[in-house]
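> I'd like to go over a predicted model; first the sequence, then the structure.
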Amino acid sequence: MSNISCFIVEDDPQALAYATSIIQQFGDIDIIGHSEMITNAANQIKKLKPDFIVLDVFLEDGNAFEFLEMFDQVDFRIIFTTSYAKYAIDAFKFSALDYLLKPYEEKELITALNKVIEDIHKTNYQSQLNTLLHNLSNKGESKKIVLKNADAMHIVDVKDILYAKSDNNYTTFLLTNSKEILVSKPLKSYDVKLVDYGFFRVHQSFLINLSHISSFDKRNEEVILKQTYSIPVAQSRKKKLIDYIDQLF
């Protein structure tokens, strides 16, 4: 079996040397080139056709998303590296793509390398990249999120989620078209991702989209979504929810 090939796009000499030294520990990965400019990198990658690249998100002459738009089809895996920028990190979370936050530890890059080797031939990578690019280029519009399960990879508009329900280590999403999507991740992981996008944890088992609230039933302590779905509200969350509803009027 031939070695896996890698190309590094990085404009920080120290970061380049650091990543190179770690990758060279892998006997089955060959570094076939590097560049600090996005146009030069794109031209070299199209010619050399590496299996994967290590890509710094923000470069002196542009960013990783301008770089990706230079390709009609991305047929290589990517290990993204970035300094903190919240809008970019949120976009990675929503697209279910991994990234390394600088300064990262050696073991973090090693974990990413092992994942690349394991996933190198898996499909659906392009749809995840498309979701990432959509979320970064449409900051004022609806976000899209990738919901993956054993059967499919679902690309969903966040605004179309009514609520998410916990079932131990699984989460069921109900969409506005009544479709249900079951994913093998706990509700807590989606609470963290969606809290800044109009979602509220009304109960240990329920995360709701606040934009779909129709009413609050005080007697039964339930919030009603789309005049149809009754969701229990925990006593500890009730005041905060009522305060939010009061602010709507």
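Received it, and whenever you're ready, just let me know what you need.
> and the helix or strand hosting Arg237, which residues are buried?
Taking DSSP states H and E as the definition, Arg237 sits inside helix 235-247. Using 16 or more other Cβ atoms under 10 Å as the test for burial, helix 235-247 gives 237, 241. (Glycine included, C-beta is placed from N, CA and C.)
> likewise stretch 202-212?
Using 16+ other Cβ under 10 Å as the burial criterion, the residues of stretch 202-212 that qualify are 202-203, 205-210, 212.
> can you put those in JSON lines and add secondary structure, distance to Tyr18 and pLDDT?
Putting those into JSON lines (DSSP: H, G, I helix; E, B strand; the rest coil; distance: Cβ to Cβ, whole Å; pLDDT from 0 to 100) gives the following:
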{"residue": "Val202", "secondary structure": "strand", "distance to Tyr18": "45", "pLDDT": "92"}
{"residue": "His203", "secondary structure": "strand", "distance to Tyr18": "45", "pLDDT": "92"}
{"residue": "Ser205", "secondary structure": "coil", "distance to Tyr18": "44", "pLDDT": "93"}
{"residue": "Phe206", "secondary structure": "strand", "distance to Tyr18": "44", "pLDDT": "95"}
{"residue": "Leu207", "secondary structure": "strand", "distance to Tyr18": "39", "pLDDT": "94"}
{"residue": "Ile208", "secondary structure": "strand", "distance to Tyr18": "44", "pLDDT": "92"}
{"residue": "Asn209", "secondary structure": "strand", "distance to Tyr18": "42", "pLDDT": "91"}
{"residue": "Leu210", "secondary structure": "helix", "distance to Tyr18": "43", "pLDDT": "89"}
{"residue": "His212", "secondary structure": "helix", "distance to Tyr18": "46", "pLDDT": "91"}
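> for the helix holding Arg237, what is the distance to the chain centroid?
Its chain's average C-alpha position is 29 Å from that of helix 235-247, according to Cα atoms, centre = their mean, to the nearest Å.
> ditto for stretch 5-13
22 Å.
> equivalent analysis for stretch 219-239, please.
29 Å.
> ok, stretch 198-209 next?
The answer for stretch 198-209 is 20 Å, by Cα atoms, centre = their mean.
> would you confirm that Leu16 contacts Ile31?
No - under the criterion of Cβ atoms under 8 Å, Leu16 makes no contact with Ile31, lying 10.2 Å away.
> which residues do the two both contact?
Here Leu16 and Ile31 have Ile8 as joint contacts, going by Cβ atoms under 8 Å, 6 or more residues apart in numbering.
> residue with max distance from the center of the chain?
The C-alpha centroid of the chain is most remote from Arg219, which lies 39.0 Å away (Cα atoms, centre = their mean).
> the lowest-mean-pLDDT helix or strand in the chain: what's the following helix or strand?
Sorting the helices and strands of the chain by mean pLDDT, DSSP states H and E puts helix 86-95 at the bottom, at a mean of 64. The C-terminal neighbour of helix 86-95 among helices and strands, as given by DSSP H and E, is strand 99-101.
> and that next one, what's buried?
For strand 99-101, by 16+ other Cβ under 10 Å, it's 99-100.
> mean confidence score for the next helix or strand after that strand?
Under the assignment DSSP H and E, the closest C-terminal helix or strand after strand 99-101 is helix 106-119. Mean per-residue pLDDT for helix 106-119: 88.
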